[in-house]
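Undergrad: Pasting a predicted model and its sequence here:
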Amino acid sequence: MSLAEKILAVSEQPGSVKARVALASELSRMKLPESRSVWEAALQLAIFRGEFFTALALCRLRYQGAALQEKLTLLAQYFSKEAQRNASTVGSVEPEPWSVELPKELDYQVVLALKIGTILTGLQLPGEIELPKIPIFSQLSVPDFVLLAQKVEALPLKEGDVLIEQGNTEQAAFLASHGCFRVMQQRGEEDEVELATVEAPALIGEMYLLSRVPRRASVIAQKTSMVWKISAELLKMLSRKHASLHQHIQQLFKQRLLENLVLSSALLGELAPERRERFLKTFQVRSIQPGEEVFAQGTTAQGLFLILHGEASVMTNRESGRRIHVADLFEGDTFGEISTLTGEATTASVWMPQGGLLLHLPLEAYQSIRSLVPKLDQKLRELMETRKSELADFVEPLDSGFEELGEAWLLDEAEFLL
């Protein structure tokens, strides 16, 4: 796009930060020092319009030192815990287009660009419109907001770049501000399974901080993206100062786990949303340490288990003393249904080599929710038959004595931002 086209884009969409940044970039390409004022206006516009992540990117990628501190403090005044805004509605208001007369001469176009690029009058959202609450940031005081905004590491990604690799144990979470990502999981020798597509903004990779299980899947950028890396140590330090932040992070983690579980669980997928919430409330969250056995073969029925995060191995012991691997279970899978339905002792042992998180429905609670989920018995019996078939398939052949056998449009202007 030419300078003239970018001037017209701003006039047609005065509230567009994207159009304002494109104009500032064009002026920077022309090596005009005055372009700084348009960049300043683009940042102010992003804040005014409630576009937190774009404002953060502009702050971090355009400023340093005292200037960065000043801009982040301004950002905190709008989005921190101490932000003063008595809003009653959520939404946005688009300003009317501006009428401009575009000169033909380039010099006059530059003058117009500098003028139109710095106008902010009437572009702030009305006071009754609520600005978005930002995960983690909106739980912090102004000083700690600024500290976090300074310490997060900017990670610009291109299509195909790997943000998180399955099996990695890096202690960090990632806040995706722009872009789109695929979540892929390798399950044994099988082909990769696509678990989800994640659109920014989103918190990614936070489950490791809760469970300490090595990364269960790889996260790959589908297009140009911007991500902010937050170290576990920084989160711990801020959580010690802000009790509400710790609770907020835990809630984010649990919400993500439950959302993923609903997407992957054959049992929960058929429940209506209103029943699903009541059903899940009857379960207890149970953390499993690496190598811990969830229950042993031959013990009293333990109840029903759903895997929130991690991988479980199902093993059975033969009379000869051989220990046989029956199946691997993943997020969303259910176990314990055979003993829950029959009331008999468990037919196999289940353990989690790398630890993880489970939802546990104790046996005594099972009867109380059967009326809530009319098809629960039927679904569990289907699972039971599948599990019994797996046991038969793996156990019977061993009678002969066989051995035991893991888009960021803003970055289009990267040469002026990085």
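TA: Alright, I've got the coordinates. Numbering: from 1, shown residues only.
Undergrad: When you work out contacts or count neighbours from here on, use the C-alpha atoms and nothing else.
TA: Noted.
Undergrad: Domains in this structure, by residue range?
TA: Following automatic domain parsing, one gets these domains for the chain: 3-150, 153-264, 273-400.
Undergrad: In CSV, list these along with mean pLDDT and mean neighbour count.
TA: Formatted as CSV, these follow (pLDDT from 0 to 100; neighbours: other Cα atoms under 10 Å):
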stretch, mean pLDDT, mean neighbour count
domain 3-150, 88, 18
domain 153-264, 80, 18
domain 273-400, 75, 17
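Undergrad: so what's the residue lying closest to residue 291 once chain neighbours are set aside up against?
TA: The shortest distance from residue 291 to any residue other than its chain neighbours is 4.2 Å, reached at residue 353 (Cα to Cα, 6 or more residues apart in numbering). The neighbours of residue 353, taking Cα atoms under 8 Å, 6 or more residues apart in numbering as the test, are 290, 291, 292, 311, 312, 313.
Undergrad: Name the nearest of these relative to residue 104.
TA: residue 311 (65.6 Å; Cα to Cα).
Undergrad: Send over the strand or helix carrying residue 111 as CSV, restricted to the C-alpha atoms.
TA: Per DSSP states H and E, residue 111 falls inside helix 106-116. Only the C-alpha atoms of helix 106-116 are listed here, as CSV (Å, rounded to 0.1, in the frame of the first residue of the first chain):
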residue,chain,number,x,y,z
LEU,A,106,4.0,13.5,-1.8
ASP,A,107,5.3,16.3,0.4
TYR,A,108,1.7,17.4,1.1
GLN,A,109,0.7,13.8,1.7
VAL,A,110,3.3,13.6,4.4
VAL,A,111,2.0,16.7,6.1
LEU,A,112,-1.5,15.2,6.0
ALA,A,113,-0.3,11.8,7.2
LEU,A,114,1.4,13.4,10.2
LYS,A,115,-1.7,15.4,11.0
ILE,A,116,-4.3,12.6,10.6
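Undergrad: can you list the residues that contact that helix?
TA: 3-4, 7, 10-11, 23, 27, 34-35, 37-38, 102-103.
Undergrad: Redo the contacts of residue 353 as TSV? Include secondary structure and distance to residue 162.
TA: Listed next are those as TSV, based on DSSP: H, G, I helix; E, B strand; the rest coil; distance: Cα to Cα, whole Å:
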residue	secondary structure	distance to residue 162
290	coil	26
291	coil	29
292	strand	31
311	coil	22
312	strand	26
313	strand	28
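Undergrad: and residue 346, what does it touch?
TA: Counting by Cα under 8 Å, 6+ apart, residue 346 makes contact with 296, 297, 298, 299, 300, 301, 336, 338, 339.
Undergrad: Quick check: the farthest pair among those?
TA: Pairwise distances across those peak at 13.7 Å for 296 and 338 (criterion: Cα to Cα).
Undergrad: so where do the strands sit in the stretch 301-418 of the chain?
TA: Along the stretch 301-418 of the chain, the segments classed as strands by DSSP state E, counting those that start in this stretch run 304-310, 312-317, 323-329, 334-335, 349-352, 356-361.
Undergrad: whoops, the stretch 101-250 of the chain was the one
TA: Secondary structure of the stretch 101-250 of the chain by DSSP E, counting those that start in this stretch: the strands cover 129-130, 153-157, 162-164, 172-178, 180-186, 192-199, 202-204, 218-221, 225-231.
Undergrad: In contact with the nearest residue to residue 73 once chain neighbours are set aside, which residues are there?
TA: Leaving aside its chain neighbours, residue 73 sits nearest to residue 146 (6.1 Å; criterion: Cα to Cα, 6+ apart). Residues near residue 146 by Cα under 8 Å, 6+ apart: 69, 72, 73, 76.
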